[in-house]
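Asker: One predicted model, sequence on top.
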Amino acid sequence: MKLLVINGPNLNFLGIREPEIYGSESYEALLEKIRSYAKERGCSADCFQSNHEGAIIDRLQEAYRDGTEGIIINPGAFTHYSYAIHDALKSLPGIPKAEVHLSDITAREEFRATSVTAPACDYFLYGKGTDGYTEAMDLLLAHRDK
Ligand code: DQA
């Protein structure tokens, strides 16, 4: 299964930013975990990170033509207000999508409790740390095999 993994703003600062919330593992360690789990499960994982909303939308639109079969996305803070990313996700109805958050966004500041992007996804995982990404992979594989 050809997967696209998108990480939004500040996720490249994993291990540096608020380790008490996001953990001490670096972004590179997260990529390593995603890639090795993908390999184990017979998937390929194209990992993309950007701090820019438009770049994320451009990458999502590319998925329409590049054979992507599943998307895992952590939109970072865009989760809470980017209707443009919501619309880009909605534009790919044939591709199953899982939204992942490292932290439990339902139990933090009020503004984080709402995701405007999750309703455009098939699966929504939060509060599982980096395991959320590998669980999302399992869900997308199970979705394919349904
Ligand atoms: C996050 C949660 C968001 O609220 C925050 O802005 C992030 C990371 C998470 O993975 O827990 O950047 O998406």
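Answerer: In hand now; what should we look at?

Asker: only C-alpha atoms for contact and neighbour calcs from this point on.
Answerer: Fine.

Asker: quick one, strands of the chain?
Answerer: Under the criterion DSSP state E, strands of the chain are mapped to 2-7, 44-49, 70-74, 97-101, 123-126.

Asker: quick one: contacts of the last one?
Answerer: Applying C-alpha atoms under 8 Å, 6 or more residues apart in numbering, the contact partners of strand 123-126 are 97-105, 118, 132, 136, 139.

Asker: same thing with the second one?
Answerer: Contacts with strand 44-49, where a contact means C-alpha under 8 Å, 6+ apart, come from 1-9, 11-12, 31, 34-35, 38, 56.

Asker: can you pull the contacts of the residue nearest the centre of the chain?
Answerer: Nearest to the mean C-alpha position of the chain, by C-alpha atoms, centre = their mean, lies Ile73 at 1.8 Å. The contact partners of Ile73, by C-alpha under 8 Å, 6+ apart, come to Val5, Ile6, Asn7, Gly8, Lys97, Ala98, Glu99, Val100.

Asker: Relative to the ligand, how far out is the first one?
Answerer: It stands for Val5. As judged by C-alpha to the nearest ligand atom, to the nearest Å, Val5 and the ligand stand 13 Å apart.

Asker: Let's see the distance spanning stretch 46-55 from one end to the other.
Answerer: Length of stretch 46-55, first residue to last, C-alpha to C-alpha, to the nearest Å: 15 Å.

Asker: how about TSV for the strands of the chain, with mean pLDDT added?
Answerer: What follows is the strands of the chain, written out as TSV (pLDDT from 0 to 100):
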stretch	mean pLDDT
strand 2-7	98
strand 44-49	98
strand 70-74	99
strand 97-101	98
strand 123-126	98
